[in-house]
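Trainee: how would this look folded up:
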Amino acid sequence: MDLVARISQHFHDSAQLKRDAAADLAEPIARAVGLMVDSLLASGKIMACGNGGSAADAQHFAAELVNRFEAERPPLAALALTTDSSTLTSIANDFRFEDVFAKQVRALGQPEDVLLAISTSGNSANVIEAIHAAHERELRVVAMTGRDGGAIAGLLHDRDVHLCVAAQRTARIQEVHLLILHCLCDGIDTLLLGETA
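Mentor: This next block holds a predicted model:
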């Protein structure tokens, strides 16, 4: 096995997927940015959820908004639904793991808010339940998925935005998801602050 060649192939595959995805995703990412900025300007917040690496992405995104991305600015209202261990474990223990995000959306969500729902497969049961809860509470949803979008693709309303990375490997999907999150952060800052770099 040539490990150096294998590593180089990872870089090549990741870069190629990002180039290919740009044509399909640039316009819906811009729509998602507009939806999020409208929410923030209406004193709304962005709640993010996902499992595993997608949980880390949800937390990363919330941190970039609450603190800063690349430019100094006032903090923006964002919340990762993946971080409160007492809430997560009490819901999972007393009810179902599938409810860990949905109950938080029902408790905290307001119609001017946005749910950022992240699932590489598009089939994460607790993310699906969070989307149902968001729709009940009249939130708009930005869904980040992979492959064919899974079950989530069929749940979204016309006013939602679907950012689907058409790839099969979870690692490649997650790499593009991180780039999408940075595009969202940059787009939000650009619309709120103007071009800073």
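Trainee: and residue 158, how many residues sit next to it?
Mentor: Per other Cβ atoms under 10 Å, the neighbour tally for residue 158 reads 4. (C-beta placed from N, C-alpha, C; glycine too.)
Trainee: which strand in this protein runs the most residues?
Mentor: What stands out as the longest strand in the chain, according to DSSP state E, is strand 140-146.
Trainee: Does anything pack onto it? Which helices or strands?
Mentor: Where contact means 3 or more Cβ pairs under 8 Å, 6 or more residues apart in numbering; DSSP states H and E, strand 140-146 is packed against helix 3-41, strand 114-118, helix 125-136, helix 150-153, strand 161-165, helix 170-193.
Trainee: And the shortest one, what's buried?
Mentor: Think helix 150-153. By neighbour count on 16 or more other Cβ atoms under 10 Å, the buried set for helix 150-153 is 150, 151, 152.
Trainee: Return the distance of that helix from the chain's centre.
Mentor: Averaged C-alpha coordinates place helix 150-153 at 14 Å from its chain's average position (Cα atoms, centre = their mean, to the nearest Å).
Trainee: Check which helices and strands it is in contact with.
Mentor: Applying 3+ Cβ pairs under 8 Å, 6+ apart, one finds that helix 150-153 contacts helix 125-136, strand 140-146, strand 161-165.
Trainee: Could I get the contacting residues of residue 109?
Mentor: Going by Cβ atoms under 8 Å, 6 or more residues apart in numbering, residue 109 touches 47, 115, 133, 134, 137, 139.
Trainee: Next, give phi and psi for it.
Mentor: For residue 109, the backbone dihedrals are phi -70, psi 140 (criterion: degrees, to the nearest 10).
Trainee: Please report how far it lies from residue 125.
Mentor: Look at residue 109 and residue 125: by Cβ to Cβ, to the nearest Å, they are 19 Å apart.
Trainee: Could you do residue 42 as well?
Mentor: Shown here: residue 42 relative to residue 125, a distance of 30 Å by Cβ to Cβ.
Trainee: Residue 149 and residue 123 touch, don't they?
Mentor: No - using Cβ atoms under 8 Å, residue 149 is not in contact with residue 123; the gap is 9.4 Å.
Trainee: In terms of neighbours, single out the busier of these two.
Mentor: Neighbours were counted for residue 149 and for residue 123 using other Cβ under 10 Å; residue 149 has more, 21 against 15.
Trainee: And the pLDDT for the more buried one?
Mentor: Residue 149 carries a pLDDT value of 98.
Trainee: so what's it up against?
Mentor: So residue 149 contacts 122, 143, 162, 164 (Cβ under 8 Å, 6+ apart).
Trainee: contacting residues around the second one?
Mentor: Residue 143 makes contacts with 117-119, 122, 131, 149, 152-153, 156, 160-164, as judged by Cβ under 8 Å, 6+ apart.
Trainee: give me the low-pLDDT residue ranges for the protein?
Mentor: Scanning the chain for pLDDT under 70 picks out 196-197.
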